[in-house]
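A.B. asks: no sequence for this one, just the structure:
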């Protein structure tokens, strides 16, 4: 079993930055790929970015590349999402998720955090 807890969300002005954290616990969590997804009001959940268990491979959403960066600290069992140059359209609940394989599809991810709200004001 893997437990995921996100933190770091909040209210920020357009152009600002936030760093989200996802603390993972569980016996084999270090062997899982980790992903970030987001869901805006009235929209479907969408993939943001993901990182392999080793941290050596990342998947990114082309439209977010250059602004959003994923990283992981295996010693701390924590994954981060650094978000820069935030825009109002980035407003959403952000979720981290764990999967035994690195993938873009949320259906592959077995474990999910509760989500953290990010609100970007114009």
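C.D. replies: Structure received. On a predicted model such as this, the values are computed, not experimentally measured, just so you know.

A.B. asks: May I see the buried residues of stretch 28-45?
C.D. replies: Across stretch 28-45, burial judged by 16 or more other Cβ atoms under 10 Å covers 29, 32, 33, 34, 35, 36, 37, 38, 45. (Glycine included, C-beta is placed from N, CA and C.)

A.B. asks: In helices, which of these fall?
C.D. replies: Assigned to helices by DSSP state H, none of those qualify.

A.B. asks: Just send those back as CSV, with distance to residue 10 and pLDDT too.
C.D. replies: What follows is these, written out as CSV (distance: Cβ to Cβ, whole Å; pLDDT from 0 to 100):
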residue, distance to residue 10, pLDDT
29, 25, 78
32, 26, 93
33, 26, 96
34, 21, 96
35, 21, 97
36, 16, 98
37, 18, 98
38, 15, 98
45, 20, 97
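
A.B. asks: ok, and the closest non-adjacent residue to the residue nearest the centre of the chain?
C.D. replies: The residue lying closest to the centre of the chain (Cα atoms, centre = their mean) is residue 36, at 2.5 Å. Distance criterion Cβ to Cβ, 6 or more residues apart in numbering; nearest residue to residue 36, sequence neighbours excluded, is residue 48 at 4.2 Å.

A.B. asks: next one: residue 39
C.D. replies: Using Cβ to Cβ, 6+ apart and skipping the chain neighbours, the partner closest in space to residue 39 is residue 45 (4.2 Å).

A.B. asks: Ok, residue 22 next?
C.D. replies: Setting aside the residues directly before and after it, residue 22 is nearest to residue 96 in space (Cβ to Cβ, 6+ apart), at 3.4 Å.

A.B. asks: so what does the helix or strand where the one you found lies touch, helix or strand wise?
C.D. replies: For residue 96, the enclosing helix or strand under DSSP states H and E is strand 92-99. Applying 3 or more Cβ pairs under 8 Å, 6 or more residues apart in numbering; DSSP states H and E, one finds that strand 92-99 makes contact with strand 3-7, strand 18-25, strand 33-39, strand 78-83, strand 111-112, strand 116-121.
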